[in-house]
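Asks: model this:
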Amino acid sequence: MSNQAVTDIDVLALSVRDQESRRLIEEAITAYRGGALRSAIMSAWIAVVHDVFSKARELAAQGDAASTTFVAKIDNAIEHKNIVQMQSLERELLETAKDELQLVTPHEHETLKRIQDDRHMCAHPAFITEDELFQPSPDLVRSHLVHALQCLLIHAPLQGKSALNRFKADVLSPSFPSTQDGIRTFVFAKYLNRSKDALVANLIKVLLKAPFLEGEDELLRKKRQLAWTLSEVAARKTPIFEEIARPFVGQFFDGVADERLLNICTFLGAEPQLWSWLSEPVKLRLVRLIEECPIDDLKEHLVFDAFEVPELVDSLLAKFTSYGTEERIQLLSDNPSKQFVSFGIEIYSAVGSYREAEKLGQSVVIPLASHFSADDIRSLLDAILGNSQISYASGTSDVLVEVFKLTASIFPASREHWQRFVDEMTAQHGGEQDTPYSYPSIRAKLDAA
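Replies: Predicted coordinates:
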């Protein structure tokens with residue numbers, strides 16, 4: 001046996017989630033290395049049995065009905081020391097894992113079944129010929145160890161319909177992350193880390209279909225979080241995503257009705273490559289819907305998320321500029337985007353009262369700030385210097401402090417604009433740096449940076 005083969009098995013064993021399953025498979029590996037090949041196969045099967053039981057208990061604790069029923073049978077057999085029932089549960093274990101618990105695929109079931117069959121030949125006097133006992137080869141044993149690890153032991157119990165149901169429950173729960181960074185961490189840790197390809201493929205289809213199906217209104221209200229989840233899957237599982245999503249998108253959206261098609265804008269914003277996979281008729285329909293869409297539908301469907309698609313920018317900007325100031329404020333507050341930055345600063349610069357300046361600072365400037373460039377910061381500060389209703393509004397200092405935080409990543413390029421702003425405001429007050437309208441908090445941040 002090669003040293004690399006042993007190393008490969010060790011690496012896989014370190015990935016086993018359940019501590020007892022890891023201990024049991026390590027016993028099998030130790031037996032394999034020591035030449036106790038029959039013992040290795042028997043230990044590998046024991047690890048498989050324990051791991052199915054362990055995963056069933058984990059799923060039952062999460063409310064999975066099939067797992068709850070199975071665990072009840074196990075506990076009943078143990079409590080009553082029912083040997084016959086225990087044997088029956090072990091004999092049918094792989095079928096249960098495939099059909100009821102959905103922990104393994106049909107192919108994996110067949111692979112694990114060979115371990116079970118060879119375990120029986122090792123545990124009982126099994127003769128190949130009249131006078132020759134079954135003697136497993138080292139390569140066969142190594143194969144069984146690797147398959148036990150790859151097909152079952154290293155994976156979380158997140159396969160099949162039960163996993164997708166749990167994902168839906170997660171999305172709809174109040175605790176599901178509401179930010180893109182939070183979703184990235186959550187989805188990878190719970191669903192993508194060591195997940196099987198079949199689960200990833202099904203998850204992609206669910207994410208793409210959910211907001212477009214009748215009866216899924218609860219998920220529809222979570223479409224931006226679903227879109228961010230899809231983007232994370234695309235980033236982490238790119239080959240599977242392209243293999244599944246490309247043909248699926250091309251076919252599925254041809255059948256989506258007009259009243260639901262606009263929901264795709266959120267997904268285009270999170271994953272712009274979907275646009276190139278849509279059929280030409282769907283693209284034409286979407287552009288036409290954007291042109292004719294009333295403002296309430298623009299907001300409800302988060303249509304301006306689709307700014308990430310270059311081919312849609314002109315249509316979206318034309319739609320946005322067709323509205324008056326109040327409607328524009330509504331739209332850019334709900335859908336802050338870099339394409340709206342210049343419009344937002346222009347609206348802010350024209351305010352006519354202190355109260356309006358404070359209101360638009362919170363509803364327009366701060367939502368857009370994360371999209372600012374250094375030139376945008378210069379334009380914003382010039383607008384404040386040029387309008388006393390903004391510069392002397394009591395809430396402007398708080399707005400600028402928040403903008404300063406949100407644009408910290410571009411501070412080296414914007415520092416001169418901030419410095420000029422506080423210098424000019426201080427000069428307007430006769431050099432006094434401690435007046436509210438000389439923005440001492442901004443100056444302090446400049447000095448500390």
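
Asks: Export stretch 336-350 to CSV, keeping only CA atoms.
Replies: Output in CSV follows, covering the C-alpha atoms of stretch 336-350 (Å, rounded to 0.1, in the frame of the first residue of the first chain):
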residue,chain,number,x,y,z
PRO,A,336,-29.6,52.5,-3.2
SER,A,337,-27.2,52.0,-6.1
LYS,A,338,-24.1,53.6,-7.5
GLN,A,339,-26.2,54.7,-10.6
PHE,A,340,-28.3,56.8,-8.2
VAL,A,341,-25.5,58.6,-6.4
SER,A,342,-25.3,61.7,-8.6
PHE,A,343,-29.1,62.0,-8.5
GLY,A,344,-29.2,61.7,-4.8
ILE,A,345,-26.5,64.4,-4.2
GLU,A,346,-28.3,66.7,-6.6
ILE,A,347,-31.6,66.3,-4.8
TYR,A,348,-29.9,66.8,-1.4
SER,A,349,-28.1,69.9,-2.6
ALA,A,350,-31.4,71.6,-3.4
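
Asks: Now tell me what touches that stretch from outside.
Replies: Applying C-beta atoms under 8 Å, 6 or more residues apart in numbering, the contact partners of stretch 336-350 are 304-305, 307, 313, 316-317, 320, 325, 328-329, 331-332, 357, 360-361, 364-365, 367-368, 370-373, 376, 379-380, 383, 386-387, 390. (C-beta placed from N, C-alpha, C; glycine too.)

Asks: gap between that stretch and the chain center?
Replies: Centroid displacement of stretch 336-350 relative to its chain, using C-alpha atoms, centre = their mean, to the nearest Å, is 30 Å.

Asks: For the stretch 201-350 of the chain, just list every one of the helices.
Replies: Secondary structure of the stretch 201-350 of the chain (DSSP state H, counting those that start in this stretch): helices located at 217-220, 223-236, 238-252, 258-261, 264-270, 274-277, 280-292, 295-300, 310-321, 325-334, 341-349.

Asks: Show me what counts as buried in the fifth one.
Replies: To tie it back to what came earlier, the one meant is helix 264-270. Ile264, Cys265, Thr266, Phe267, Leu268, Gly269, Ala270 (16 or more other C-beta atoms under 10 Å).

Asks: what's the closest of these to Phe404?
Replies: Of all these, Phe404 sits closest to Gly269, with 26.9 Å by C-beta to C-beta.

Asks: Give the closest residue to the closest one in space, chain neighbours not counted.
Replies: Asp305 (3.1 Å; C-beta to C-beta, 6 or more residues apart in numbering).

Asks: Quickly note the distance from the closest residue to Lys299 other than its chain neighbours to Ser373.
Replies: By the measure of C-beta to C-beta, 6+ apart, the closest residue to Lys299 outside its immediate chain neighbours is Asp334, 5.2 Å from it. Between Asp334 and Ser373 the distance, using C-beta to C-beta, to the nearest Å, works out to 22 Å.

Asks: Please apply the same query to Gln419.
Replies: 17 Å.

Asks: Equivalent analysis for Ala72, please.
Replies: Using C-beta to C-beta, we find Ala72 at a distance of 61 Å from Ser373.

Asks: neighbour count winner among these two?
Replies: Shown here are Ala72 and Ser373; by other C-beta atoms under 10 Å, Ser373 has more neighbours (14 against 11).

Asks: Now do the contacts for the more buried one.
Replies: Val341, Ile410, Ala413.

Asks: Spatially nearest residue to the second one (excluding sequence neighbours)?
Replies: Looking back up the chat, that one is Ile410. Nearest non-adjacent residue to Ile410 (C-beta to C-beta, 6+ apart): Ala374, at 5.5 Å.

Asks: Ile29 too?
Replies: Ile9 (5.7 Å).

Asks: Ok, Gly250 next?
Replies: Using C-beta to C-beta, 6+ apart, the nearest residue to Gly250 is Trp277, at 5.5 Å.

Asks: Make sure that neighbour is actually in contact with Asp254.
Replies: No: with contact defined as C-beta atoms under 8 Å, Trp277 does not reach Asp254; the gap is 11.6 Å.

Asks: what about the two, which has more around it?
Replies: Trp277 (17 against 12).

Asks: which ones are touching the more buried one?
Replies: Ala245, Arg246, Val249, Gly250.

Asks: Can I get the buried ones among those as something I can paste into PyMOL?
Replies: In PyMOL syntax, the buried subset of the contacts of Trp277 is picked out as below (16+ other C-beta under 10 Å):
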select buried, resi 245+249
